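Visitor: sequence first, predicted coordinates after that:
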Amino acid sequence: MAAHDLRRVAVAHLQRFPCSVAHLRRVMRRKIRRSARHYGDDKGPLLDAAEAVIAALDGGPLLDDRRYARALAESLHRRGQSQRGIRQKLRQRGVGDDDTAAALAAVAEAAGDPDLEAAVRYARRRRLGPFQRSAERRAERREKDLAALGRRGFSYGVARRVIDADDPEALGVE
């Protein structure tokens with residue numbers, strides 16, 4: 001792999017997979033190591049060139065950690081992920097603390113109680129608690145349903161509120 005190929009490789013990756021700066025850096029390093037091992041090149045100059053490419057792309061339309069964090073946080077929230085789970089996922093993806101805080105603040109601003117809304121969405125999707133069709137099955141699965149929400153990162157109070165609700169409308173969330 002030549003230094004002039006790095007920008008093309010980075011842009012191709014970003015067009016296919018939105019990611020954070022840290023994640024793109026890991027991808028580029030992995031590609032450079034493989035190429036250097038295969039062709040016997042010196043990977044030092046290529047790593048320096050990759051850093052220059054990442055710096056040039058950072059903040060542009062393809063590589064923006066703040067926008068990526070917000071989009072991922074909103075997507076995870078819609079799918080029923082807790083704030084704690086969103087924070088962990090963003091950290092795993094290499095998003096910085098400031099961008100994570102901004103993304104979580106945007107989710108919280110759009111939702112009255114973001115964890116309650118996400119828990120209701122998750123419960124609806126998985127048919128937990130008040131979304132269970134059979135009252136008898138609902139009673140026998142109560143502890144398992146609470147545990148499912150707990151594993152998802154919701155507090156016991158939120159999980160209990162959702163699982164013990166008489167009907168979905170009682171929760172006050174769409």
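Guide: On my side now, so go ahead.

Visitor: the one helix or strand in the chain whose mean pLDDT sits lowest: which residues count as buried?
Guide: Every helix and strand of the chain was ranked by mean pLDDT, DSSP states H and E. The lowest is helix 135-140, at a mean of 90. Across helix 135-140, burial judged by 16 or more other Cβ atoms under 10 Å covers R138. Quick note: C-beta positions are derived from backbone N, CA and C, even for glycine.

Visitor: and stretch 127-136, by the same measure?
Guide: L128, G129, P130, F131, Q132.

Visitor: ok so, going back, after the least confident helix or strand of the chain, which helix or strand is next?
Guide: Beyond helix 135-140 on the C-terminal side, the first helix or strand identified by DSSP states H and E is helix 142-151.

Visitor: alpha carbons only: can I get the helix or strand just after that following helix in CSV?
Guide: The helix or strand immediately downstream of helix 142-151 is helix 156-163, counting by DSSP H and E. Extracted in CSV, the C-alpha atoms of helix 156-163 (Å, rounded to 0.1, in the frame of the first residue of the first chain):
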residue,chain,number,x,y,z
TYR,A,156,-34.4,-1.2,39.1
GLY,A,157,-36.9,1.7,39.6
VAL,A,158,-37.4,2.2,35.9
ALA,A,159,-37.6,-1.5,35.2
ARG,A,160,-40.1,-2.1,38.0
ARG,A,161,-42.2,0.9,36.8
VAL,A,162,-42.4,-0.5,33.3
ILE,A,163,-42.9,-4.2,34.1
